[in-house]
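*Asks:* I would like to see how this sequence folds:
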Amino acid sequence: MSYAVSVKNLHVSYYGNEAVRNVSFTIEKKNLVGIIGPNGAGKSTLLKSLLGLIPKDKGEVQLLGKNIQEVRKQIAYVPQRSNIDWDFPITVIDTVLLGTYPALGLLRRPRKKEKEWAYECLKKVGMESFSKRQIGELSGGQQQRVFIARALAQKAEMFFLDEPFVGIDVTSEEMIVTLLKELRDKGKTVLVVHHDLSKATSYFNELILINKELVGCGAVEEIFRPELMTKAYKSQFPMFQEIGVSV
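*Replies:* I've put the predicted structure just below:
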């Protein structure tokens, strides 16, 4: 079987400190997967290492059965908002147009059909009336919608999102979740770094639970269980009681 994601014995370090240790798992295609775990667990590190954005110490990662270099055009990435320069002088529509570039190649510029497609992607996230705005003029939720639109414009097979719901309004969050579920239902694979456990069971159908080491990977009902959650989050028992997880 060609998995959407296949990871074997992955180790990743920052400045000599091991952030991800001996992680192995597989994800089948057509899944919406949440990557969860406590602060400092290595969630974003794991996501970035899968994409080849940070080096790994050792281990093997394959996406769609191939190395990342072979399938990069089929992968869309939405980084954390805190990692984006919102003062950069680019408009909303031009930001979304960037999503069409991987298919164009280095020497071609977007034509009418690419511009029309970018506008359609803006419509999907309800941001078409903001197309001429500079991205820094938008609210947090609006900014995130624009970057979701950029990912949609890429027509990718896989979507990776790093904490997409941090600092955004409820309406934007609900719209984004609906879009991600639609992508999954259309056969795409979506991985999302997520921190709000109260919504994990309704947002995702599979979970990767990590605390530097892999605690569990599988269907939500298999992973979101007291024994696994307390193993990952250790002494944070009050949090589980608040979200209805009996410990």
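*Asks:* what are the ranges of the strands in the chain?
*Replies:* For the chain, the strands defined by DSSP state E occupy 5-14, 17-27, 32-36, 58-63, 75-78, 158-162, 189-193, 206-211, 213-219.
*Asks:* can I get these in TSV including mean neighbour count?
*Replies:* Yep, even glycine has a C-beta here, placed from its N, CA and C like the rest. Shown next, in TSV, are those (neighbours: other C-beta atoms under 10 Å):
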stretch	mean neighbour count
strand 5-14	18
strand 17-27	17
strand 32-36	25
strand 58-63	17
strand 75-78	21
strand 158-162	24
strand 189-193	24
strand 206-211	23
strand 213-219	18
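*Asks:* tabulate those (TSV), appending mean pLDDT and distance to Arg145.
*Replies:* Converted to TSV, these look like this (pLDDT from 0 to 100; distance: least, C-beta to C-beta, whole Å):
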stretch	mean pLDDT	distance to Arg145
strand 5-14	96	26
strand 17-27	95	26
strand 32-36	98	18
strand 58-63	97	25
strand 75-78	96	11
strand 158-162	97	12
strand 189-193	98	15
strand 206-211	97	25
strand 213-219	97	29
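*Asks:* in CSV, list these along with distance to Lys48.
*Replies:* CSV is the format used below for the strands of the chain (distance: least, C-beta to C-beta, whole Å):
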stretch, distance to Lys48
strand 5-14, 8
strand 17-27, 10
strand 32-36, 11
strand 58-63, 11
strand 75-78, 9
strand 158-162, 8
strand 189-193, 10
strand 206-211, 13
strand 213-219, 16
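*Asks:* nearest to Met229 among those strands would be which one?
*Replies:* Minimum separation from Met229 across the strands of the chain (C-beta to C-beta) falls at strand 206-211, 7.4 Å.
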